[in-house]
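1. how would this look folded up:
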Amino acid sequence: MRNVTSMIIIFFSGIIFVGALTVGILLFNGTSSTLDGTYQLMKKSDHNQRMDLKITGTYTVTGAQVLQTINLIDDVGCDISVDGVTFHPGLDIQQTDVSVVNLTKKYVPSYTRKSDGSLARVTFTSQ
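-> Below is the predicted model:
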């Protein structure tokens with residue numbers, strides 16, 4: 001009788017262990033698929049959009065950001081206009097007069113796009 005009781009206890013312990021292991025695997029797979037879905041959703045989302053009800057003012061950039069944009073004009077691949085002065089891709093940044101950019105001012109960017117959605121011009125207007 002003692003051996004039968006021991007066998008029953010070991011059998012049910014084994015069933016509980018296998019059940020707990022199965023639940024753990026299911027929870028791990030569910031968490032993994034949720035994290036993958038979250039990662040894919042965040043990768044597709046527009047990081048310029050805000051998800052709160054706060055009304056923000058006009059988006060502005062500093063003069064240093066405008067100057068850095070002009071410095072990377074070949075990477076941007078479109079014309080950049082700052083207060084009426086236009087800079088074209090392919091310019092030699094070392095030979096270009098960028099004194100029109102005041103580093104202490106704030107600038108409001110506006111974007112002009114081509115019909116295929118690519119940038120045609122970035123215009124910065126000082127405030």
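
2. can you give me the mean pLDDT across the longest helix along the chain?
-> Assignment by DSSP state H gives helix 2-44 as the longest helix of the chain. In this model, helix 2-44 has a mean pLDDT of 91.

3. C-terminal to that helix, what's the next element?
-> strand 61-62 (DSSP states H and E).

4. Next up, the contacts around Q94.
-> Counting by CB atoms under 8 Å, 6 or more residues apart in numbering, Q94 touches no other residue. Using the backbone N, CA and C atoms, a C-beta is placed for each residue, glycine as well.

5. I'd like to know the beta-bridge partner residues of Y111.
-> Beta-bridge partners recorded for Y111 (DSSP bridges): V122.

6. From V122, how far off is it?
-> 6 Å (CB to CB, to the nearest Å).

7. more crowded one of the two?
-> V122 (20 against 10; other CB atoms under 10 Å).

8. Please look at the more buried one and R113 and confirm they touch.
-> No - using CB atoms under 8 Å as the test, V122 is too far from R113 to be in contact (10.2 Å).

9. mind checking which helix or strand Y107 is in?
-> Going by DSSP H and E, Y107 is in strand 106-113.

10. In stretch 118-127, which residues are buried?
-> 122-124 (16 or more other CB atoms under 10 Å).

11. circling back: who touches both of Y111 and V122?
-> With CB under 8 Å, 6+ apart, Y111 and V122 have no common neighbours.
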